[in-house]
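Visitor: Here is my input; please provide its structure:
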Amino acid sequence: MAPWLPTKEKYGVAVWNFPRTKEHHLPLQIGEMVHILQASEGWYCGYSLRNRAARGIFPASLIRLKGAVVEQRGAEESVVPAEMPMVQEITTTLREWATIWKQLYVTGQTERYGQVKWMMQELMEQRSQLLSGTLPKDQLLRLRKEVTGKMDYGNKILALDLVVRDEDENILDPDRTSVISLFQAHRRAAQTLTQRIQEETSPQQRAPGHGTHGAAWPSHNLYLCVRNFVCHIGEEAQLFMALYDPGEQRIISENYVIRWASTGVPQDIELLNNLKVVFTDLGSTDLKRERLFLVCQIIRVGRMDLRDSHSRKLSTGLRRPFGISVMDITDITKGTCDSDEDKQHFIPVHLVAADGDFLHNMIRKAVEGKDINHKGQGLWVSLKMLWGDLSQVRKDHPHLVDRSTAVARKLGYPEVIMPGKCGGDKPGGPWGCQHGARTWLTGLSPPGDVRNDIYLTLVQGEFDKGNKKTQKNVEVTVCVCDEAGNVVQNVIHAGAGDSPTSHYRSVVYYQQRHQRWMETLKIAVPIEDVHRTHLRFTFRHRSSSDSKDRSERIFSMAFVRLMRPDGTTLRDGEHDLVLYKGDSKKLEDASTYLSLPSERNLSESKLLSGSSFRLSGATSGLALSTRDSFQISTLVCSTKLTQNVNLLGLLKWRSKPSLLCGNLQKLMNVDGGEVIKFLQDTLDALFSIMMEHSETDVYDTLVFDALVFIVGLVADRKFQHFNTVLEAYIRQHFSATLAYKKLLSVLTQYVEQAGRGEPCEHLPRTFKALEYIFKFIVRSRHLFAQLYEGKEVAEFQRSLQRFFLALNQLMESPLEGPTLLSQ
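Guide: Now for the predicted structure:
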């Protein structure tokens, strides 16, 4: 017999059972891993990794060799499989489950037996996919998440050990991870598994297609790819695509704009086969809407009437309504049907039939309508739901969402507000201004994450025909102007995927007294210019004849400031604007109209009940008209601007110190979202008040209560992601060295008050915020000790002892009422 020689093949798996028939045989079962030490004429010598003490020989034909790394440890050698760690973990898990699975069959637990069998089959299939090495990066990441979720869930229901992982689904190394981090990871993993088991056992089955990954993310996104647009227009067209709620009869997202050439391809030929957009910031409430539609408004750009012949010179460049398309996407957003980026949906076009067909009204009717004879005209689109915030989506789906993909945000704030990263190392930071007149400008989010969007909707208008025989073909032109009347360049966005412009021109409806546009655009003015800018709306009659059209002048004008006199931004909601008429040059002269009222209110409505008249006061040369009316609506989504005068009063407290007490009390009535947007600035203001009044305790209780209110907000689910921001603020920005004295004093006072049986309505809220109150106290004391070289240690210790004694007395008190509640 040939001698036994060391071999390069060190690691393999048995692919057939091998019973022990002779003394030196090593019995093996299918799937058993072996460490090969020597080889001789078709036989291997080694041991099973299941029992390293028993060595023997076994046929080489029964072993499938696998790659491995050999590590020498003195005279001994060990093998480490060369497979990716995830594959090794699946293999180990399957072996562990297999033993329990057989026992489940023996003990008659058929339901659990079937469940484990199904999970094992899924894991084996997914293991094969991982080993194939053919998956793109996004699918590989998704598969890893599914695999780890399945293994953790199986371990839980089989009462096995819980495995804790990092963000990349790798098992945490206990030798390199702190005890606290391990504990927190355990807690998170346990909560996730408990939630999933509750969902599995809930009588209400989850909607198919809604994976656990979807429920885990506060933000959802709809990916849209426009494959083709086929429509007989003969002129250039603009497609405005958005999400629409038929229950509220309003569009809920920004538009995605596609400019289509008359030749039947995108105007920007590089966008051919690359017309992609992601509708972001959709929350669980959006997914729970009774119905949700994808709508497309089609506007042709050219002459007034397509039937006009070219025998005379026609005016061109008019934006005219052409049609709309609607598709019910409720099943896709709710997950009741699979969304696939490769599946194409056809959306037929509803054509404008009459001059009085306003596009928004057509959408309202179309969502309730039946099939139409579209003659093959319409859009081909692909849709897919994506989970997570935009950075996560880009990471998970790089082949769908890249830097060139347009992003259309929700009109309004997302359901769960995500913080920006705190910037800078000093209070105020690069995005904050701790002192000075521009405190209202500061916010929390850094560049790239700042949102300063003002959404403007041209709602409707009514215009008298005046000296014309027929009603006017009214076109509204919107621009943003500074105090001198100069147009601010490129701050108007018609939608995602479109370049910013300086002027926006509305759709022209033919000879209609009452116009209903419902066109939404975004105004993105630089933050430092908002307080000195205004919106100007000019109205002009458009003629189908080029010569007549050139002679038409502006017949009316309206305006509205973006900033109110009290320093807050324009109120959300509808605004009924005053229309002025006069010489066209004076209508565009800001010095003429900026001193005049811009909105109608009740007194003005009575005043304007008569016919047009000339304004009193300075000779403005402008007249008012009650025959015409014009309404807009606005929505401010800004991390930099506030509409709340009480919050603004607190942020700018130095300008009116006499109102400080009132502003501190009113802070508790401010909407939580507004306070959270200005979290860093509000905290800066509170501690500045405390530091600048260190010699008196007049504001101590009010500042303390405001601080408790803010900490309570951060504990709210909607703002839970701001916990890290508050931690970062305490660690990086907080600088009030004397705050610990005042915070401890008020806290002790509240506890002593409750211990005596006196009412203290703020104490229950204070106890809930105790963790962060003490973090502020500790950080403040550290800063004080660093600044004054450890002075006043004894005084600090006495203050702490006084607090804990008061706490002991409170807990020992036999009193009922407020005391019992506090206990």
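
Visitor: Test for you: state the pLDDT assigned to residue 791.
Guide: Looking at residue 791, its pLDDT is 84.

Visitor: Quick check, residue 116 in contact with residue 102.
Guide: No: using C-beta atoms under 8 Å, residue 116 is not in contact with residue 102, being 10.1 Å away. For the C-beta atoms, the positions are set from N, CA and C on the backbone; glycine is no exception.

Visitor: neighbour-wise, which of those two wins?
Guide: In this view residue 116 and residue 102 are compared by other C-beta atoms under 10 Å, and residue 116 has more residues nearby, 20 against 11.

Visitor: Quick check: that one vs residue 623, distance?
Guide: In this view, residue 116 and residue 623 are 83 Å apart by C-beta to C-beta, to the nearest Å.

Visitor: Now do the SS call for the closest residue to residue 577 other than its chain neighbours.
Guide: Once flanking residues are discounted, residue 577 sits nearest to residue 558: 4.0 Å by C-beta to C-beta, 6 or more residues apart in numbering. For residue 558, the assignment made with DSSP: H, G, I helix; E, B strand; the rest coil gives strand.

Visitor: please renumber so the chain begins at 54
Guide: Sure thing, new numbering starts at 54, so read that last one as residue 611.

Visitor: what are the bridge partners for residue 611, then?
Guide: Residues in a beta bridge with residue 611, per DSSP bridges, are residue 590.

Visitor: residue contacts, it?
Guide: Residue 611 is in contact with 589, 590, 592, 630, 631, 632, 633, 651, 683, counting by C-beta atoms under 8 Å, 6 or more residues apart in numbering.

Visitor: Closest one of these to residue 858?
Guide: residue 651 (61.8 Å; C-beta to C-beta).

Visitor: Got the confidence number for the closest residue to that closest one other than its chain neighbours?
Guide: The shortest distance from residue 651 to any non-neighbouring residue, by C-beta to C-beta, 6+ apart, is to residue 613 (4.7 Å). Looking at residue 613, its pLDDT is 95.

Visitor: And for residue 217?
Guide: For residue 217, pLDDT reads 81.

Visitor: do residue 522 as well
Guide: If you check residue 522, the pLDDT there is 85.

Visitor: count of neighbours near it?
Guide: 5.

Visitor: before we move on, what about residue 678?
Guide: The tally of other residues near residue 678 (other C-beta under 10 Å) stands at 19.

Visitor: correct me, but it touches residue 592?
Guide: No: in this structure, residue 678 is not within contact of residue 592 by C-beta under 8 Å, at 10.9 Å.

Visitor: hey, what's in contact with both of these two?
Guide: 609, 632.

Visitor: Report all helices and strands that the helix or strand containing residue 238 contacts.
Guide: Element membership for residue 238, per DSSP states H and E: helix 232-254. When contacts are defined as 3 or more C-beta pairs under 8 Å, 6 or more residues apart in numbering; DSSP states H and E, helix 232-254 packs onto helix 190-210, helix 265-269.

Visitor: Okay, buried residues for that helix please.
Guide: The neighbour-count check on helix 232-254 (16 or more other C-beta atoms under 10 Å) flags 238, 242, 245, 246, 249 as buried.

Visitor: If we only consider those residues, which is nearest to residue 450?
Guide: Out of the buried residues of helix 232-254, the member with the shortest distance to residue 450 (by C-beta to C-beta) is residue 245, at 22.3 Å.

Visitor: circling back: please identify the most buried of the helices and strands packed on helix 232-254.
Guide: Looking across the helices and strands packed on helix 232-254 with neighbours counted as mean count of other C-beta atoms under 10 Å, the highest average goes to helix 190-210: a mean of 18.

Visitor: how about the CA coordinates for that one, as CSV?
Guide: Output of helix 190-210 as CSV, limited to C-alpha atoms (Å, rounded to 0.1, in the frame of the first residue of the first chain):
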residue,chain,number,x,y,z
LYS,A,190,-24.4,44.8,-5.1
ASP,A,191,-27.9,46.0,-4.2
GLN,A,192,-29.4,42.5,-4.5
LEU,A,193,-26.5,41.1,-2.4
LEU,A,194,-27.2,43.6,0.4
ARG,A,195,-30.9,42.9,0.3
LEU,A,196,-30.3,39.1,0.3
ARG,A,197,-27.9,39.4,3.3
LYS,A,198,-30.6,41.3,5.3
GLU,A,199,-33.2,38.6,4.4
VAL,A,200,-30.9,35.8,5.4
THR,A,201,-29.9,37.3,8.7
GLY,A,202,-33.5,38.2,9.5
LYS,A,203,-34.6,34.6,8.8
MET,A,204,-31.8,33.0,10.8
ASP,A,205,-32.4,35.3,13.8
TYR,A,206,-36.1,34.6,13.6
GLY,A,207,-35.5,30.9,13.4
ASN,A,208,-33.1,31.0,16.4
LYS,A,209,-35.7,32.8,18.4
ILE,A,210,-38.6,30.4,17.8
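
Visitor: At the geometric centre of this protein, which residue sits there?
Guide: residue 334 (3.8 Å; C-alpha atoms, centre = their mean).

Visitor: Show the backbone phi and psi for that one.
Guide: Backbone torsions of residue 334, given as degrees, to the nearest 10, read phi 70, psi 20.
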